[in-house]
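from the sequence below, what's the structure:
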Amino acid sequence: MNKILRIVTPLSGALFLLLLGLSVRTMANNSLFQNDSGEQIEKSNHYAFFLPTSDFSFFENIRSGAVEAAGKMDCAITFYYINSNTLSLSMAPYTGIDGVAVYLYKEDPAIMKSLIAIADANIPIVQIENDVLSSPQSFFIGTNSFDSGKAIGRLIMRIKKSQLNAAIVYSEKNPGLMSDRTLVEMGIQDTVEYRNLTLTARDTSLNPLDVEKVTYELTQQDSPVDLIILTDPNDTLVTVQAIIDMNLVGIVQVIGFGDNQEIKDYIKKGIILGSIVRHPFEIGQNAVLALNEINTSGYTSAFVDTGISVITENSDSILPQGNPK
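Numbering: from 1, shown residues only. All right, here's what the predicted structure looks like:
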């Protein structure tokens, strides 16, 4: 056994060094781009974005905003999946990278250790939507969850009932609000403090139809809900369809999440009371702008609130809330 261990240990070390070299080489080479003639051009700064493994539009829009800003700022960006490529994050302090943007919605010990190492290497970190690391090298960009709760509360106040039995449905498809539920609910209660509101919370998974089961349970229980509050666009559409199928339109109110055309149509028809909208494209833009500002001037705002919006039946335009940069 000892003989095997003596052989395996050096092989493991060699494998780690090989992976380290490959990761460093990959991240470093990503700062090189080709022009129309095929010539490689080195960009002024190189930033790495670590986002959840997801094809949801929220994260795609973050990427799009970051790419647009990078083009204007003449910098390079590399994207990684934070929950399936932790090696790249752990190698970041050794690559010469100029900054990191990370969407972290839970305090995973391994990821937190890597972020601390990045901060100790004096590499600036932008935390998107969730402020989990306290460091002078770390900056927050995203949406204030308390303000999201207050916006929901303002929509609740439009319901002409003195007593409401409501449920807010958090989704793994929107992990930021799911992890910030305490702030969301504080914002709601702060806004409707004089209204008799009973608020319960339910969770849904990545399964797109999971919320359908939750909707049936909430509307068929002994004390059925008057209001369902959603925190994901897909969950909003599935919930509305379930309410239509059960002939509960007008009996069960819905506060949605997102601004796709189907949700807007349901709002105009009066099926959805209103919808909360965040601005992921602006989040991506501001993340790049902040990292570039740090590298050029040595300073950026420690908190950038990209704001939220509220859509109602009385507005084709979106009503802004919060303090976008």
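
low-confidence ranges in the stretch 51-200 of the chain?
Counting by pLDDT under 70, the stretch 51-200 of the chain shows low-confidence ranges at 54-56, 83-86, 105-107.

can you show me the helices along the stretch 101-250 of the chain?
In the stretch 101-250 of the chain, the helices defined using DSSP state H, counting those that start in this stretch lie at 109-120, 145-156, 175-179, 181-191, 210-220, 233-245.

I'd like to know which of those helices is closest to Leu133.
Closest to Leu133 of those, according to Cβ to Cβ: helix 109-120, at 5.1 Å. For every residue, glycine as well, the C-beta is placed using N, CA and C.

mind giving me the packing neighbours of the closest one?
Counting by 3 or more Cβ pairs under 8 Å, 6 or more residues apart in numbering; DSSP states H and E, the packing neighbours recorded for helix 109-120 are helix 86-91, strand 99-102, strand 125-128.

make it 6 Å
Packing contacts for helix 109-120, counted by 3 or more Cβ pairs under 6 Å, 6 or more residues apart in numbering; DSSP states H and E, involve helix 86-91.

ok, the residue lying closest to Ala117 once chain neighbours are set aside - how many residues close by?
Counting by Cβ to Cβ, 6 or more residues apart in numbering, Pro93 is the residue found nearest to Ala117 once chain neighbours are left out, at 5.0 Å. When neighbours are counted by other Cβ atoms under 10 Å, Pro93 registers 19.

tell me the most buried of the helices of the stretch 101-250 of the chain?
Highest mean neighbour count among those (mean count of other Cβ atoms under 10 Å): helix 145-156, with a mean of 23.

and it with helix 181-191, angle?
40 degrees (axes from the mean of the first three to the mean of the last three Cα atoms, to 10 degrees).

follow-up on the earlier one: how about the helices of the stretch 101-250 of the chain in JSON lines, adding distance to Asp203?
Listed next are the helices of the stretch 101-250 of the chain as JSON lines, based on distance: least, Cβ to Cβ, whole Å:
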{"stretch": "helix 109-120", "distance to Asp203": "22"}
{"stretch": "helix 145-156", "distance to Asp203": "16"}
{"stretch": "helix 175-179", "distance to Asp203": "7"}
{"stretch": "helix 181-191", "distance to Asp203": "9"}
{"stretch": "helix 210-220", "distance to Asp203": "8"}
{"stretch": "helix 233-245", "distance to Asp203": "11"}
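
quick one: closest of the ones you listed to Ile255.
The nearest among the helices of the stretch 101-250 of the chain, by Cβ to Cβ, is helix 145-156 at 5.2 Å.
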